[in-house]
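**Student:** curious how this folds, go ahead:
(2 chains)
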Amino acid sequence: MTAISSPSETGVTRRGFLHALLHEPLAVVSLAVLAIVVSACLLSPWLAPYDPLAQSLADARQLPSAAHWLGTDNLGRDVLSRLMYGGVPSIAGVGLCIAVFLVLGVVLGLLAGYLGGAVDRVISFVVEILMSVPSIIIVLAVVSLFSRSLNATMITLGVLGSGGLIRVVRAATLKVSKDLYVDAARVSGLGGLRILFRHILPRLSGPIVIQVALFAGVALGVQTGLGFLGLGTPPPNPSWGGMVGEASLLVQVFPWLLVPSGGIIALCTIAFALLGDATRDSFATRVRRSSGRVPKRRPDSADVPPPGAGLLTVEQLTVHFGDPERPAVDRLDLTIDKGEIVGLVGESGSGKTVTALACLGLFASTAHASGHIWFGGHDVVTARYRELEEIRGAGVAYVSQEPMVALDPSFTVGTVLREAIRANRRVGRTEAKRIAIELLEQVRITEPSSLLRRYPHELSGGMAQRVAIAIALAGNPSLLIADEPTTSLDVTVQARILELLRTIRQERGMAIILVTHDLGVVADICDRAVVMRGGAVVERADVEELYAHPAHEYTRELLRATPSIAERAA
Amino acid sequence: MRILVTRLATSIVLLFVVSALTFLLMSLLPTDAARVILGTTATQEQYEALREQLGLNQPLIVQYGNYLARVFSGDFGTSIFTGEPVIRSIANRLPVTLSLLIPGIIVCAVAGMTFGYLSALSRGGLRRVLDVLVLVGGAVPGFWLALVMVSVFAVSLRWFPATGYVPFATSPGGWATALVLPVAALAIQGAAGVAKITRDGVLEAMDQDYVRTLRAAGIPRRTIYLRHILKNTGMQVATVVGLIFVGSLAGSVFLEQVFVLPGLGALAYSATNQNDLPVIQGVALTMTLIVIVVNICVDLSYLALNPKARTR
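**Tutor:** Numbers count the residues shown, from 1 in each chain, chains lettered A, B, ... in the order given. This is a model prediction of the structure:
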């Protein structure tokens, strides 16, 4: 009796909601199915081929035929006609239930989200209670007390179910009312109610429709369930649940009767579920589906690493996400030699992160890649997963921009570090722990053994980045790819992390690709720089050369945008 | 730890709300307990005397106080219909319902997570098939599915008994065979919900930066999926499993009817038919206690799964 949805479904539409919904084929189909079922039932007095109560014992228990499309029941009554008439109490019941659910859910949810404070706390507490009440027993008590009144039962169910909607509307309201235009409306002196109903409510239609669709399925299940138990429409009048009940008595002799009655309930429930799913898809950004697998291109026999290649050689790498005309990386060539630090420079969207991840064989599932990335005799672009697992960690390692989200929040630093060590070196547990402490010392962490027991949320940004670097070093890689490793950190911490990278290079002779948009950082630690724009390389040069004589206009622009460098040049 | 304190506070309020609600509903009844017991043939004097005896003349709040006092001393009243103490009927029937609910939720969680994982990790045709199965499994009404299973596995194939319950103490084998179909019928619908949330959770987790970090460090796929992603989606799954357990209380009412299992749901059903309110009240409080226990288990799982919840 619970509608299930994840909290991320509370996105907000910017397009016309109905308009968007009607572009989802599944939504159109489900709405059409529901519309047909509802109108067939409501128009049953005119459309139904037979009187739903007319018995004809001679025609009892017939399978479907031209005369009786869905066959006949134990008393020879036409099943199709009974289904059509029997839908009316279900439609009325579910409709009433949804109305109560909607009014309570929307009003209380808006109030809690918009007013906040004590109102919010009281409403949230009520929701907590509503979500924990075993609604079926309350519904049964109401059935008993109100002498089987369908209305009383369905109103009760609507009240008990509204907790989920209140929660969703509250969350969405909180999110929307943080938007600037609501502030603007407030500043311009619009009243609270007007803001709520004119500006906030329309933007919540998506989450509300999802909840209503989910709950309609639940309500239909309970309504027909009560009918099945004989607590709904009294016989001989038809109802969907009651018809399943009648069919249950004939399971042994005439099982066909289960099909139409259960089928119509299932059909409607599926339509509700699909409508909910389609609504979510129509306004939420589609979940990117990656499973870390690369769309494979068969390795070619002619594919051999170029002679005299560096540590890592990228040849004509092209990556696009569905549109070959607009590649994220366009015929990129790049060579990294042992022990050098190369800056991969460009503004956001220039393809530098896609390139960096490609060097580890990490592609989004929507990506199409061609070209070669040679590393240790393997072509990363076509490598099998096993090969990639060998290359990653022990050959090429990666440090990302946001250290706080780059560490698994559910495991201690020590656990992940030991896993990374044991994935790449054949060592036992105690040895792995010793190496872990050693690695943490190398990234200049003062009390390594106590840090092993800490969780990521207990670390500062700088500490987390050091841990991330330690994890990257666990496999003793010959190439480290650092993707904007200092961008999200404080300025003082930034300098220390860069210093750390420089020391590591000296101690281990490890090559580093430093992805950055900051030419100041490049000037600080890189030997060479490769400037990217629109997925292609526009300039490559030694750092000194680049600053003294930038060849490309784009490089000059970037230099001018970096004040410290501009001064140095002047 | 705060999470558990909040939960306990909410639970106490919840018990009061449910008891007050059922009590209030009972007082709304046009005919009171005295009338139900005596039937329509009794004289007005007899009726008044019984009302006095049952305390029905006192103010509502006093009646509620008396009721609570009795409940705390373990006296849930007696059935209007059979005269049996409510607490005894509940004690007799609780094992039946728990034999249905507990295996049901375990099967539901395991099957749902397996399906969810398979769907998240597969692509193309297989994923579509799994998604359709999940959609249909979640949509067919449980009582109807149960009937279809009876028709196929009990009537046609004769693999399992169609109805009835065998106490575990009498015959463990008989107990298990009798429960296969009801447990399956209960689990399928919930499993669909678990599969959906697992699939979405796994897909979402796979796009997270921390998974990229683990991949980039060369940690094997198995470890990433079965350890890291499993634990990180665990909280979402546990929440949904808890909600489904609460929902399956409703399912048990319908299923106990189909399979003629003498459980709490069946008790509630017959009490509903007989307007036996003390029994309904008793079942309501018992079910609320079950919900409270489930919620506490879910909270404990948060504490086990999420290090942030522990420090709060």
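**Student:** for residue A:394, which non-adjacent residue is closest in space?
**Tutor:** Among residues not flanking residue A:394 along the chain, residue A:475 sits closest, at 4.0 Å (Cβ to Cβ, 6 or more residues apart in numbering or on different chains). (Glycine included, C-beta is placed from N, CA and C.)
**Student:** what's the burial count for the one you found?
**Tutor:** 24 (other Cβ atoms under 10 Å in any protein chain shown).
**Student:** show the backbone phi and psi for it.
**Tutor:** phi -90, psi 10 (degrees, to the nearest 10).
**Student:** then stretch A:446-459 to PDB, C-alphas only?
**Tutor:** Extracted in PDB, the C-alpha atoms of stretch A:446-459 (Å, rounded to 0.1, in the frame of the first residue of the first chain):
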ATOM      1  CA  THR A 446      51.000  13.100   9.400                       C
ATOM      2  CA  GLU A 447      49.100  10.300  11.300                       C
ATOM      3  CA  PRO A 448      48.500   7.700   8.600                       C
ATOM      4  CA  SER A 449      47.500   4.800  10.900                       C
ATOM      5  CA  SER A 450      44.600   6.700  12.400                       C
ATOM      6  CA  LEU A 451      43.500   8.100   9.000                       C
ATOM      7  CA  LEU A 452      43.100   4.500   7.800                       C
ATOM      8  CA  ARG A 453      40.000   4.200  10.000                       C
ATOM      9  CA  ARG A 454      38.400   7.400   8.900                       C
ATOM     10  CA  TYR A 455      35.500   7.800   6.400                       C
ATOM     11  CA  PRO A 456      35.700  10.400   3.600                       C
ATOM     12  CA  HIS A 457      33.100  12.700   5.200                       C
ATOM     13  CA  GLU A 458      35.500  13.100   8.200                       C
ATOM     14  CA  LEU A 459      38.300  14.500   5.900                       C
END
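**Student:** and the contacts of it?
**Tutor:** Residues from elsewhere that reach stretch A:446-459 (Cβ atoms under 8 Å, 6 or more residues apart in numbering or on different chains): A:404, A:407-414, A:417, A:433, A:436-437, A:440-441, A:445, A:463-464, A:467, B:307-308, B:311.
**Student:** tell me the buried residues in that stretch?
**Tutor:** For stretch A:446-459, burial by neighbour count (16 or more other Cβ atoms under 10 Å in any protein chain shown) applies to A:448, A:451, A:452, A:454, A:455, A:456, A:459.
**Student:** what's the closest of those residues to residue B:74?
**Tutor:** residue A:455 (44.3 Å; Cβ to Cβ).
**Student:** would you list the phi and psi of that closest one?
**Tutor:** Residue torsions, per degrees, to the nearest 10, at residue A:455 are phi -100, psi 160.
**Student:** distance of it from residue A:442?
**Tutor:** When distance is defined by Cβ to Cβ, to the nearest Å, residue A:455 is 22 Å away from residue A:442.
**Student:** that older thread, out of the buried residues of stretch A:446-459, flag the one nearest to residue A:171.
**Tutor:** Using Cβ to Cβ, those come closest to residue A:171 at residue A:456, 25.2 Å.
**Student:** excluding its backbone neighbours, what's nearest the residue in the stretch 101-250 of chain B positioned nearest to chain A?
**Tutor:** For the stretch 101-250 of chain B, the residue closest to chain A is residue B:218, as judged by Cβ to the nearest Cβ, at 2.4 Å. Nearest non-adjacent residue to residue B:218, counting by Cβ to Cβ, 6+ apart: residue A:393, 2.4 Å away.
**Student:** put the alpha carbons of the helix or strand in which residue B:48 is found into PDB.
**Tutor:** Applying DSSP states H and E as the criterion places residue B:48 in helix B:44-54. Extracted in PDB, the C-alpha atoms of helix B:44-54 (Å, rounded to 0.1, in the frame of the first residue of the first chain):
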ATOM      1  CA  GLN B  44     -34.000  -1.400  27.500                       C
ATOM      2  CA  GLU B  45     -33.200  -2.200  31.100                       C
ATOM      3  CA  GLN B  46     -30.800  -5.100  30.200                       C
ATOM      4  CA  TYR B  47     -29.200  -2.700  27.600                       C
ATOM      5  CA  GLU B  48     -28.700   0.100  30.200                       C
ATOM      6  CA  ALA B  49     -27.300  -2.400  32.700                       C
ATOM      7  CA  LEU B  50     -24.800  -3.800  30.300                       C
ATOM      8  CA  ARG B  51     -23.800  -0.300  29.200                       C
ATOM      9  CA  GLU B  52     -23.100   0.600  32.900                       C
ATOM     10  CA  GLN B  53     -21.200  -2.700  33.300                       C
ATOM     11  CA  LEU B  54     -19.000  -2.000  30.200                       C
END
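**Student:** picking up where we left off before, okay, the buried residues of stretch A:446-459 in a markdown table with secondary structure next?
**Tutor:** Below are these laid out as a markdown table (DSSP: H, G, I helix; E, B strand; the rest coil):
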| residue | secondary structure |
| --- | --- |
| A:448 | helix |
| A:451 | helix |
| A:452 | coil |
| A:454 | coil |
| A:455 | coil |
| A:456 | helix |
| A:459 | coil |
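**Student:** show the contacting residues for the residue in chain A that chain B sits nearest to.
**Tutor:** Of all residues in chain A, residue A:393 sits closest to chain B, at 2.4 Å by Cβ to the nearest Cβ. Neighbouring residues of residue A:393 by Cβ under 8 Å, 6+ apart: A:420, A:423, A:424, A:474, A:475, A:477, B:216, B:217, B:218, B:219.
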